[in-house]
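> Show me the folded form of this:
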Amino acid sequence: QVQLVESGGGLVQAGGSLRLSCAASGLSFSSTGMGWFRQAPGNEREFVAGITRGGTGTYYTDSVKGRFTISRDNPKNTVYLQMDSLKPEDTAVYYCAAGTTAWGRRQGQWDYWGQGTQVTVSS
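Down below sits the predicted model:
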């Protein structure tokens, strides 16, 4: 049974930083693309970042380029999202996802999902 468990969300002021973690189990982590999505109230879930199996390829939505960094630690079965220079519009529930690719922009391109962690950025 695949499980993805996110942690690290919280409340932060604009300009601050947070680091999200996603611990994976029940899958061959080093053979799996990993990603982060987010969903704000009233909005569809959107792709934020993705990372290839070996970590050599990363992908970002334009609005977070230069501010967010995705990384992974394969021996620890964990993927991270370092979020710097946070803005109020980054407020959302952030979801970890696992799939065969790391660049899929649509939810249907990912196979497994975590339960999400809330990130709130105050102005």
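> contacts, neighbours, all on C-alpha from now
OK.
> which ones are touching the nearest residue to residue 6 once chain neighbours are set aside?
Nearest non-adjacent residue to residue 6, counting by C-alpha to C-alpha, 6 or more residues apart in numbering: residue 22, 4.3 Å away. Under the criterion of C-alpha atoms under 8 Å, 6 or more residues apart in numbering, the neighbours of residue 22 are 4-7, 78-80, 96.
> Looking at the residues you listed, which is nearest residue 42?
Nearest to residue 42 among the contacts of residue 22, counting by C-alpha to C-alpha, is residue 96 at 19.5 Å.
> quick one: contacts for the closest residue to the closest one other than its chain neighbours?
Using C-alpha to C-alpha, 6+ apart and skipping the chain neighbours, the partner closest in space to residue 96 is residue 36 (4.7 Å). The neighbours of residue 36, taking C-alpha under 8 Å, 6+ apart as the test, are 47-50, 81, 94-97.
> quick one on the thing from earlier: could you give the bridge partners of the residue nearest to residue 6?
Residues in a beta bridge with residue 22, per DSSP bridges, are residue 6, residue 79.
> pLDDT value on it, please?
With respect to pLDDT, residue 22 scores 98.
> So what does residue 16 look like in phi/psi?
When quoted as degrees, to the nearest 10, the phi and psi of residue 16 stand at phi -80, psi -170.
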